[in-house]
Every structure is written in C-alpha cells, then in structure tokens.
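1. Task: produce atomic coordinates for the following.
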Amino acid sequence: MQSIAVFPFNNVSKNKEDDYLCNAIAIEITHLLSNLRNAKVVSTTTSFSNNENLDSSKLNVDVFVKGALFKIGDRIRVTVQFINTQDNTCFLSKKFEENSTNLFEIVDKISDKILGYLQLEKVNIKHRTAIDPIAYNYYLKGLHHWNLWNENNIKQAINFFSKSIKIEPGFALGYARLSDCWSLLAGIQKGDTEVNYKNAKAAALKSIELDKDMIESHLSLALVKLLSDIDILGAFYSLKKAFSLNKESSDAHYYYAFYLLVIGQYKKAIQNIEYVLETDPFNVQVNSTYGYALSLFGAYGKAEKQLKKTLTLSPNSDATYDALVWTYIMSNRYDEAKGLLEQNESRIIHSPATQIALYQQMKLKTSVNKWSKILTSNLNKNKGKTYYREASIAYLSLGEDDKGDHYFELFYKERIGFIMALSHPAWKSFRNSGKFYKYKKRLNLLNPPLLPNEFTNTDEDIIIFQSSTLEKLTINIKKLIYIEAQSIYAKIVWNENGITKERLLRVSLTKILNQTINLNLFRCHNSYIVNTLNEYTVTGNRKSMKLTPKGYSFQIPVSRTKASDIHQHLNIVHSSLE
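-> All right, here's what the predicted structure looks like:
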C-alpha cells in the first residue's frame with residue numbers, strides 16, 4: 001500500500017487574508033482522498049498554529065505532497081511538489097492556474113494528479129457535483145476555522161458554512177459540517193446548548209435527506225444522537241450505516257471510539273483511536289481523546305505521556321488539562337494533580353467539583369470547605385446554569401451519597417451534557433456501583449451492541465431490528481416486504497429463499513424508523529411500513545387505497561394523508577384507482 005502525507009500549502013502572496021486557503025485546500029484534498037482503499041493518505045493539519053514545528057519525520061509515509069499558493073488579482077496559481085521521503089528529493093512538480101473563483105476545479109485537479117501518481121482511479125471516490133464558486137469559497141473558509149477547534153473559530157465556521165448552504169441549498173456536505181460545528185459548540189457548553197443541539201440535528205437530517213449515501217451525514221447524526229439525545233441504539237445504527245459505506249474511514253472509527261467510551265469498552269476505543277492516529281497523527285482532539293481513553297482504561301503512565309504530548313501540540317487545550325488532572329487523581333498522584341490544577345485553574349472543566357474531589361482525597365479540610373462554599377453559592381445563584389453535574393461529583397466524592405444521588409438524578413433529567421456522566425473519570429466509581437444500574441437500564445446500556453471486530457463492507461444493505469427486550473433480527477433490506485404494528489409489537493415480514501417469513505418484536509414502528517434511518521422504509525399508514533424497493537399494484541380510491549406487493553396476494557392499506565403522494569414514494573407498476 002502506497003502512502004502519502006498532504007501538507008498545508010505555503011502562501012507566497014503578499015495578502016495574508018488568503019492564508020486560510022493554504023490550510024483549507026490541504027484539508028479538502030486529504031478528505032477527498034481519504035476514501036481510497038489501496039492507499040494511505042495522512043493528514044498533517046492541526047489546530048496548533050505553528051505547523052512548521054511538527055516532526056514530519058515520524059509520519060512513516062513514502063511521499064510528501066507540498067505546495068505553494070500565489071494569488072494576484074483574480075488569478076490563483078498553485079505549485080504542487082511530490083517529495084521522496086527517503087532522500088528528500090522532489091521527483092515531480094506540477095503547476096495549476098485558474099481564476100480565483102474556481103477553487104473547486106483547482107482542488108479536483110490536484111486530487112487527480114495525486115491519484116495519477118498513485119496509479120489509482122476514482123473508483124472509491126464519489127463524483128463531486130460542482131457548486132457555486134462563492135459558496136465553495138465560504139465552505140473552504142468554514143473548513144479552515146473548523147479545524148482550529150476553539151469557541152471563536154467554531155462560531156466563525158458556523159457563519160461560513162451557513163453562508164455556503166444559503167447560496168447552495170443542495171450542498172449535503174455543507175450541512176454535515178455545519179451539524180458538527182453545532183454539536184461541538186453544544187459539547188463545550190457555549191451558548192444555548194439545547195438550541196445548539198437542535199440546530200445540529202436539523203442540519204444532520206437535512207444532509208441525509210440530500211445524500212443518504214454520504215458517510216459524513218450519518219456520522220453527524222450519530223454524534224447528535226450520542227451527545228444530545230443520549231440515544232445509544234440510535235447512535236449505533238447511524239455508525240453502522242457509516243461503516244457500511246466505508247469501513248476504512250478514519251472519521252467513522254473516531255466517532256465509533258466515542259461510542260465505545262460511552263458504553264465502557266475502553267480497550268476497543270483505544271484500538272479505534274490508534275487506527276485514526278495512523279492517518280491523522282497531529283489532530284489535537286484525536287490525541288487528547290487517546291490520552292483520555294488510556295486513562296479510563298487504567299494505563300495511567302501511557303495516558304500521562306500522551307496528554308503531555310498533546311499539550312505540546314496545543315497548549316490551550318482545556319479538555320487535555322482536565323484529563324491530565326483526573327489521570328493524576330485516579331492514579332493517586334495527588335500532589336501532581338494539585339500543582340497542575342492550581343496552575344491552570346481556569347481550564348478545569350468541572351470546577352469547583354474537581355477541587356473538592358482532589359482536596360477530599362488529600363484530607364485538606366480547609367480547601368474542601370472553601371470550594372464547597374463556592375459550590376453552594378453557585379447552586380443558590382443558579383443564573384442560567386444548574387451546576388447539577390458539579391454538585392453530583394462533589395457530594396459523591398465527599399461521601400454524601402444521598403445528595404450525590406439526588407443531583408445525579410437531576411443531571412440525568414436535565415439531559416444537557418449528561419453524556420459526560422457516561423464517560424468522564426469523575427463519575428467512574430459511581431458508574432461501577434450498583435446505583436448506576438437503573439441508568440444503564442434506562443439508557444439501553446445493559447447490553448449495548450458492538451460492530452464486529454472485522455467489519456465487512458458488502459453491497460447488501462443490512463437492517464438490524466432490536467426490541468425493547470433486546471431481541472434482534474437482522475435481514476437484508478431487499479428481502480423485507482412490510483412491517484405491521486400489532487398492539488405493542490411489530491410484525492416484520494420478509495422473503496427468505498422464496499418462503500415468506502414473519503417475526504414479532506416488541507418495538508414500535510416509530511422506534512424502528514428512528515433505529516434504522518433507512519430511506520427505503522416508508523410509513524404508508526399508521527400501522528404499516530413498506531419497502532420502497534419493492535414493486536406494487538395500487539387499487540381503491542383515496543379513502544380506501546390498498547397496496548399489493550408484486551408476487552403476493554395480500555393487501556396493505558394506505559392512509560388518506562399518504563394517498564395523494566403515494567406515487568412519489570413507491571414503484572407503482574399497475575394502478576386501478578377508482
């Protein structure tokens with residue numbers, strides 16, 4: 001397998017306002033080539049502003065792709081060099097020149113040149129429909145700011161992605177990127193978290209509506225389902241769909257690692273993150289999450305080393321400081337935790353709870369009392385923030401279990417940010433206690449599903465139905481005939497080698513649609529879901545319309561509200577409407 005690393009381009013123009021292009025073009029090219037299954041494409045972009053200090057000698061690739069960008073007036077010229085990493089010689093150089101409004105064409109031409117070098121065709125790269133040049137420029141600006149991963153830049157990315165889709169409303173990838181921005185803004189609890197999550201979900205669903213076969217759409221929805229809805233099964237099914245589209249995707253493995261951390265599968269999460277680091281070694285969030293996962297797994301020495309390495313990439317990463325403090329607390333290295341915490345007090349995510357937990361372990365009563373008073377004051381003021389999560393951490397660490405349980409329940413009911421309680425080290429002891437059982441039951445965490453170790457990507461579109469009693473049924477969508485609601489059950493009917501089979505599962509039709517997120521399922525009636533891949537004969541009138549699947553004699557009713565547009569959803573081969 002050949003391997004290349006794409007570096008941010010150098011801006012040799014005098015106008016520094018074009019710096020964003022150097023980073024964004026490299027990100028976009030890397031993203032376009034990341035679906036290649038016969039080549040390894042490594043990202044060198046990072047949220048650390050000084051890319052020149054990164055140690056590229058550790059990338060372990062065959063070729064570096066570097067470039068220079070020169071923009072003057074309405075023309076843009078890009079020079080791309082292919083450098084052999086063995087002897088650091090340039091063996092191929094290519095110049096591209098276009099109108100500065102035609103950035104889409106430049107990115108495609110550079111990608112084609114890299115493919116030519118790799119002697120690969122675009123067999124695994126989905127054809128990109130050209131979009132409005134101004135919309136694409138806004139999109140590239142959004143990519144640049146998104147990659148810097150801090151509050152101000154996320155907000156700027158939201159602004160640019162929003163401008164892009166306003167001009168180009170059919171741009172599915174723009175909606176997926178916008179969804180990720182809203183999710184991250186909600187995740188770091190900046191602004192109105194509930195509104196941010198609603199925006200994230202709306203953008204993800206719109207992205208899927210526009211392109212159901214784009215992996216980014218399903219990953220964006222998986223993130224929303226996990227972080228906002230706390231919908232464990234829903235997140236899994238979105239991830240499963242993403243893996244069915246491309247099991248080699250680094251993004252898919254990274255999002256799956258988040259899922260694994262939430263359900264407590266730390267070792268598997270580490271393995272998936274290590275896979276991601278092979279192609280995205282300088283990504284601050286991936287590196288920080290890796291250290292976080294190592295800490296949860298109990299590999300405290302490795303976690304400390306990894307988190308310190310991450311801080312060299314991004315000295316302002318609050319999440320990394322927080323993870324390092326808790327690594328010290330969990331490994332009983334209280335003095336080091338105290339020193340780090342006091343030097344970086346403003347960066348600690350769960351203040352003042354973290355201070356209370358640490359000083360309680362160190363038996364520093366004066367410090368415990370000081371920070372407990374601050375917590376009490378925060379709870380009493382309650383100006384736009386409940387402090388339930390901080391209170392639950394503090395009281396549980398103080399051994400005041402009744403108060404700790406009370407605030408944990410309030411945190412659960414509030415939902416906003418509750419995903420932290422399922423993965424953050426602060427609640428690890430509580431998660432391992434018997435008191436957490438009821439939350440496992442509520443959140444479908446008793447037996448959460450896992451992808452196979454060797455996930456196989458096939459042409460078959462597999463659907464997994466899961467009941468409230470954890471029964472499962474896995475079938476190929478092409479074999480499904482219909483699903484019928486029967487009281488609290490759903491009767492699933494399918495064809496297996498010419499034989500009609502059926503099975504009852506305790507699950508609602510609404511839950512099935514939310515679980516599968518398969519656009520081939522159409523709810524034609526309050527009690528029926530049909531498969532749009534099948535052919536149908538339609539009879540009756542709007543008040544008594546019936547569908548008959550080809551090759552079968554039974555009839556499926558259609559509700560009045562669906563009757564008028566039934567032809568838009570189903571493949572009708574014969575109609576005898578009255």
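2. When you work out contacts or count neighbours from here on, use the C-alpha atoms and nothing else.
-> Fine.
3. what about dumping the CA coordinates of stretch 541-558 to PDB?
-> These are the backbone C-alpha positions of stretch 541-558, laid out as PDB (Å, rounded to 0.1, in the frame of the first residue of the first chain):
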ATOM      1  CA  ASN A 541     -59.600   5.300  -4.000                       C
ATOM      2  CA  ARG A 542     -58.100   7.900  -1.700                       C
ATOM      3  CA  LYS A 543     -60.500   6.700   1.100                       C
ATOM      4  CA  SER A 544     -59.800   3.000   0.700                       C
ATOM      5  CA  MET A 545     -56.400   2.700  -1.100                       C
ATOM      6  CA  LYS A 546     -54.600  -0.600  -1.000                       C
ATOM      7  CA  LEU A 547     -51.100  -1.700  -2.000                       C
ATOM      8  CA  THR A 548     -50.300  -5.200  -3.200                       C
ATOM      9  CA  PRO A 549     -46.600  -6.100  -3.400                       C
ATOM     10  CA  LYS A 550     -45.600  -7.800  -6.700                       C
ATOM     11  CA  GLY A 551     -45.700 -11.600  -6.300                       C
ATOM     12  CA  TYR A 552     -48.100 -11.600  -3.300                       C
ATOM     13  CA  SER A 553     -51.800 -11.500  -2.900                       C
ATOM     14  CA  PHE A 554     -52.200  -9.700   0.500                       C
ATOM     15  CA  GLN A 555     -53.100  -6.000   0.600                       C
ATOM     16  CA  ILE A 556     -51.600  -3.200   2.700                       C
ATOM     17  CA  PRO A 557     -53.800  -0.200   3.500                       C
ATOM     18  CA  VAL A 558     -52.700   3.400   2.700                       C
END
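4. May I see the buried residues of it?
-> Arg542, Met545, Lys546, Leu547, Thr548, Pro549, Ile556, Pro557, Val558 (16 or more other CA atoms under 10 Å).
5. do stretch 306-317 as well
-> Within stretch 306-317, the residues that qualify as buried by neighbour count (16+ other CA under 10 Å) are Gln306, Leu307, Lys308, Lys309, Thr310, Leu311, Leu313, Ser314, Ser317.
6. coming back round to it: narrow the buried residues of stretch 541-558 to those in strands?
-> Using DSSP state E to define strands, the subset of these located there is Lys546, Leu547, Thr548, Pro549, Ile556, Pro557.
7. Tell me the bridge partners for the fourth one.
-> Here Pro549 sits in beta bridges with Tyr536, as judged by DSSP bridges.
8. Show the contacting residues for it.
-> For Pro549, the contact set (CA atoms under 8 Å, 6 or more residues apart in numbering) comprises Ile481, Asn534, Glu535, Tyr536, Thr537, Gln555.
9. could you dump these to CSV with distance to Met330?
-> Below are the contacts of Pro549 laid out as CSV (distance: CA to CA, whole Å):
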residue, distance to Met330
Ile481, 53
Asn534, 56
Glu535, 60
Tyr536, 61
Thr537, 65
Gln555, 62
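10. Got a quick PyMOL command for the buried subset of these?
-> Burial among those is assessed by 16+ other CA under 10 Å; the matching PyMOL selection reads:
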select buried, resi 481+534+535+536+537
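11. can you redo the contacts of Pro549 as JSON lines with distance to Leu21 and pLDDT?
-> Below are the contacts of Pro549 laid out as JSON lines (distance: CA to CA, whole Å; pLDDT from 0 to 100):
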{"residue": "Ile481", "distance to Leu21": "50", "pLDDT": "93"}
{"residue": "Asn534", "distance to Leu21": "47", "pLDDT": "88"}
{"residue": "Glu535", "distance to Leu21": "49", "pLDDT": "89"}
{"residue": "Tyr536", "distance to Leu21": "51", "pLDDT": "89"}
{"residue": "Thr537", "distance to Leu21": "54", "pLDDT": "88"}
{"residue": "Gln555", "distance to Leu21": "58", "pLDDT": "92"}
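12. Tell me the one of the contacts of Pro549 nearest Leu173?
-> Distances from Leu173 to these, taken as CA to CA, are shortest for Asn534 (29.5 Å).
13. re the thing from before, closest one of the contacts of Pro549 to Asn369?
-> The shortest gap between Asn369 and any of the contacts of Pro549 belongs to Ile481, at 65.0 Å (CA to CA).
14. Leaving out chain neighbours, which residue sits closest to the closest one?
-> Excluding the flanking residues, the one nearest Ile481 by CA to CA, 6 or more residues apart in numbering is Trp494, at 4.9 Å.
15. what about the one you found, how many residues close to it?
-> Trp494: 21 surrounding residues under other CA atoms under 10 Å.
16. Give the next helix or strand downstream of the host helix or strand of it.
-> For Trp494, the enclosing helix or strand under DSSP states H and E is strand 489-496. Using DSSP H and E, the helix or strand that follows strand 489-496 in sequence is strand 499-505.
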